[in-house]
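>>> Build the 3D model from these lines:
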Amino acid sequence: MRLSFFTAAVAALACPALAHDPIEWNGSTVHVLLDKEMTGGDMGMFTTHFVGPGGPPRHIHDDAGEAFYVLEGEAQFLADGEVMLVKAGEAAFVQKGVDHTFRLTGEEGGKILVIVAPGGFEGFFEATKHLKLPDDMDELNRISEEFGQIFTGPPLE
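The predicted structure is shown next:
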């Protein structure tokens with residue numbers, strides 16, 4: 001259920017926590033909170049939760065900036081060749097076109113809120129949830145291009 005507050009197409013909206021089903025992806029649970037259809041294409045918002053250490057392969061979004069807010073745990077970020085540690089309550093931002101990745105570092109994992117602008121990339125997880133890494137990397141790369149993403153290297157260890 002979606003609640004709109006103004007008559008304009010997407011002036012404001014509130015979305016219940018379970019508007020989308022959680023998606024299991026690459027050892028994490030992704031929960032899309034807002035998608036491009038809900039925001040008129042302006043942004044996508046999702047959480048990613050790892051129950052142990054983990055993160056995605058290195059990648060570039062050629063058409064979207066990405067903001068991260070660490071909700072639980074701490075994450076090591078690699079962006080444009082620089083490594084930084086971001087703890088719960090702290091944020092990071094990566095401009096479009098910058099090679100990056102992150103890894104939740106603790107044995108208990110953690111949770112990150114991710115905002116991508118403009119929206120659209122959040123659909124990637126549903127489109128690729130059936131693939132297994134690293135076995136299906138060729139297919140993952142093909143689908144990733146449809147979402148403005150290019151994989152550039154392995155995950156952080």
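>>> Give me the spatial nearest neighbour of residue 90, chain neighbours excluded.
Leaving aside its sequence neighbours, residue 90 sits nearest to residue 70 (C-beta to C-beta, 6 or more residues apart in numbering; 5.7 Å). For every residue, glycine as well, the C-beta is placed using N, CA and C.
>>> contacting residues for that neighbour?
Residue 70 is in contact with 86-91, 110-112, counting by C-beta atoms under 8 Å, 6 or more residues apart in numbering.
>>> The host helix or strand of it pairs with which strands, parallel or anti?
Assignment of secondary structure by DSSP states H and E places residue 70 within strand 65-72. If you go by DSSP bridges, strand 65-72 pairs up with strand 91-94 (antiparallel), strand 110-117 (antiparallel).
>>> out of these, nearest to residue 132?
strand 110-117 (21.9 Å; C-beta to C-beta).
>>> Quick check: buried residues in that closest one?
Buried residues in strand 110-117, counted by 16 or more other C-beta atoms under 10 Å: 110-117.
>>> Mind putting these into TSV with distance to residue 38?
Below are the buried residues of strand 110-117 laid out as TSV (distance: C-beta to C-beta, whole Å):
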residue	distance to residue 38
110	26
111	21
112	20
113	16
114	15
115	13
116	13
117	13
